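Colleague: Sequence first, then the predicted structure:
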Amino acid sequence: MKILGSEEWCQLNLLGVPAIKARVDSGAKTSSLQANNVKFITKGLEEWVRFEVNPIQENRSVAVPCEAKLVDVRTVKSSQGISEERPVVRTMVTLGDDSFEIELTLANRDTMEYRMLLGREALNGRYLVDPSKSFCHGEVTEKDMKAKYSPYFTKKTGLTLGLLASNPNLYSNKRIIEAGEARGHEVVFLNAEHVYMKLDASSPEIRYRGGNILDMFDAVIPRIKPSITFYGCALLRQFDTLGVYCLNSADAITKSRDKLFASQLFAKNDIHIPITGFAKSPLDTKDLIRMVNGSPLIIKLLESTQGKGVVLAETNKAAESVINAFKSVQTNILVQEFIKEANGQDIRCFVVNGKVVASIQRQAQKGEFRANIHQGGKASLIKITAEERKLAVKSAKAMDLVVAGVDIIRSNRGPLLLEVNSSPGLEGIENATGKDIANVMIETIEKKLKFV
Ligand SMILES: Nc1ncnc2c1ncn2[C@@H]1O[C@H](COP(=O)(O)OP(=O)(O)OP(=O)(O)O)[C@@H](O)[C@H]1O
Ligand SMILES: [Mg+2]
Ligand SMILES: [Mg+2]
């Protein structure tokens, strides 16, 4: 009988797969093939399956479209004990000089290092396995693979951009993908929580769930939600280490997410904010309140968005009890002068690459002081003053943010900065102004990468 090693090169010619490296696994009964986007279709009276195979390990960009007649659907238990339904197809496999029929279960599990497994059914009566050997029926080099799959290595004309975010259905994310594609780039959505990394001085890596190595990106657009700031920024640092341009650096995002640190940087850069205090001990609460000119005053959780952690205390007594209540549960807060004359209005300036590309005024709902859209605020068009424009640009720069949503409030002593956001939403501001901000973001990446 012929000998098979622990891995062998196969051809699945009927499926249009001219070479695929298989793991010989006599511990498994049936053979399996990695398949993505599996769809059941009918051809006449027959049931078929349509799917894609990524025949090259650690490469998702080569995807061969396949079709085969469905012969069965089987419940298979994975090594982790999870049952799943897998379609089974029958096709011809070629191994060196031999060709024979084989049944393959289609496994869409991402974690397949080998794209194909040869199980007992395929081996019985044909081969003996010698696990100490490999490629007994011929070898396929990387160069051969490139030649065999050359039609799939499409000539790249645009950039490859990664959108590092959490929800592909958010308006902002959909718009960024759309704008990137419209400008001829490939935009790949990366769920930040499915990305992981190898920290190694000689071969650092970034991988995606399933083991694909993410080494194809020219730039990454971070849209990190606050709850995963820490992890998301670690990923951005890794991309940066690997030479991938990040539209907003990990450093800049980290700074802007910490209201206390950000306020200190504003003060240092001569950027005016409402009088703000921060203290550790409840013993200092009374003076803290005096320091910001007494009530009514604003209390802000250090990490808050959409206005959720911003409270107005109308009296000194109320302020004191709210401040001390937060302190008793070890929650960090800022105490801030209330800008009453703003009348529940603030200004959101969208800054990209040192320019204000759009701005809107937000008006809080009746009886509410927070102008956030999430708190029922209404957006309207506004022409900002030269001073406000300068303040917005300077504030984004103080945070080193290339893309920033800068919130400004109009006080009796001129415009004051409220905060700078590193993942400003596009929906409210694009709809109100009719400006294509996503396009400006993509253009900026092109400029930074000198892409023409
Ligand atoms: N000192 C203040 N005086 C008056 N109104 C204020 C003050 N600070 C905040 N506000 C109002 O409350 C809103 C929310 O405050 P802020 O922007 O600081 O919080 P946030 O929760 O981080 O919101 P965002 O979603 O913009 O990140 C502001 O947009 C503004 O309308
Ligand atoms: Mg904020
Ligand atoms: Mg805000």
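Modeller: Looks like it came in fine. Ligands and ions are numbered 1, 2, ... in the order given.
Colleague: can you pull the contacts of the residue in the stretch 51-200 of the chain positioned nearest to ligand 3?
Modeller: In the stretch 51-200 of the chain, the residue that lies nearest ligand 3 is S172 (15.7 Å; CB to the ion). Where C-beta positions appear, they are placed from N, C-alpha and C, glycine not excepted. By CB atoms under 8 Å, 6 or more residues apart in numbering, the residues touching S172 are 223, 423, 425-427, 438.
Colleague: hmm, try it at 6 Å
Modeller: With contacts defined as CB atoms under 6 Å, 6 or more residues apart in numbering, S172 is in contact with 425-426.
Colleague: what does the stretch 151-300 of the chain put close to ligand 1?
Modeller: 274, 298, 300 (CB under 6 Å from any ligand atom).
Colleague: Have a look at these and tell me the least confident one.
Modeller: Ranked by pLDDT, those bottom out at K300 (91).
Colleague: what's the burial count for that one?
Modeller: 21 (other CB atoms under 10 Å).
Colleague: Tell me which helix or strand comes right after the helix or strand where I347 lies.
Modeller: Assigned by DSSP states H and E, I347 belongs to strand 345-352. Sequence-wise, the next helix or strand downstream of strand 345-352 (DSSP H and E) is strand 355-363.
Colleague: and the next helix-or-strand element following that next one, does that touch ligand 1?
Modeller: Using DSSP H and E, the helix or strand that directly follows strand 355-363 along the chain is strand 378-381. No. Strand 378-381 stays clear of ligand 1 (CB under 6 Å from any ligand atom), getting no nearer than 11.8 Å.
Colleague: Strand 378-381: partners in the sheet, and parallel or antiparallel?
Modeller: strand 355-363 (antiparallel) (DSSP bridges).
Colleague: any residue of the strand it pairs with up close to ligand 1?
Modeller: No. Judged by CB under 6 Å from any ligand atom, strand 355-363 stays clear of ligand 1, getting no closer than 6.6 Å.
Colleague: still on that earlier bit, can you pull the buried residues of the strand holding I347?
Modeller: 345-352 (16 or more other CB atoms under 10 Å).
Colleague: Let's have those in a markdown table, adding distance to ligand 2 and pLDDT.
Modeller: As requested, the buried residues of strand 345-352 are exported to a markdown table (distance: CB to the ion, whole Å; pLDDT from 0 to 100):
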| residue | distance to ligand 2 | pLDDT |
| --- | --- | --- |
| Q345 | 17 | 97 |
| D346 | 11 | 97 |
| I347 | 14 | 98 |
| R348 | 11 | 98 |
| C349 | 14 | 98 |
| F350 | 14 | 98 |
| V351 | 15 | 98 |
| V352 | 18 | 98 |
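Colleague: what's the most distant pair in these?
Modeller: Q345 and V352 (23.4 Å; CB to CB).
Colleague: Show me where the stretch 151-300 of the chain has its helices.
Modeller: 171-182, 229-241, 250-257, 259-268, 285-291 (DSSP state H, counting those that start in this stretch).
Colleague: closest to V129 out of the ones you listed?
Modeller: Each of these has some distance to V129 by CB to CB; the shortest is helix 229-241, at 39.5 Å.
Colleague: For the closest one, name the packing helices and strands.
Modeller: Where contact means 3 or more CB pairs under 6 Å, 6 or more residues apart in numbering; DSSP states H and E, helix 229-241 is packed against strand 245-246, helix 250-257.
Colleague: okay, the helices of the stretch 151-300 of the chain, which one's buried deepest?
Modeller: Mean neighbours per residue, mean count of other CB atoms under 10 Å, is largest over these for helix 250-257, with a mean of 21.
Colleague: How is the nearest residue to A313 once chain neighbours are set aside assigned, secondary-structure-wise?
Modeller: Nearest residue to A313 in three dimensions, chain neighbours excluded: A319, at 3.7 Å (CB to CB, 6 or more residues apart in numbering). Of the three states, A319 takes helix according to DSSP: H, G, I helix; E, B strand; the rest coil.
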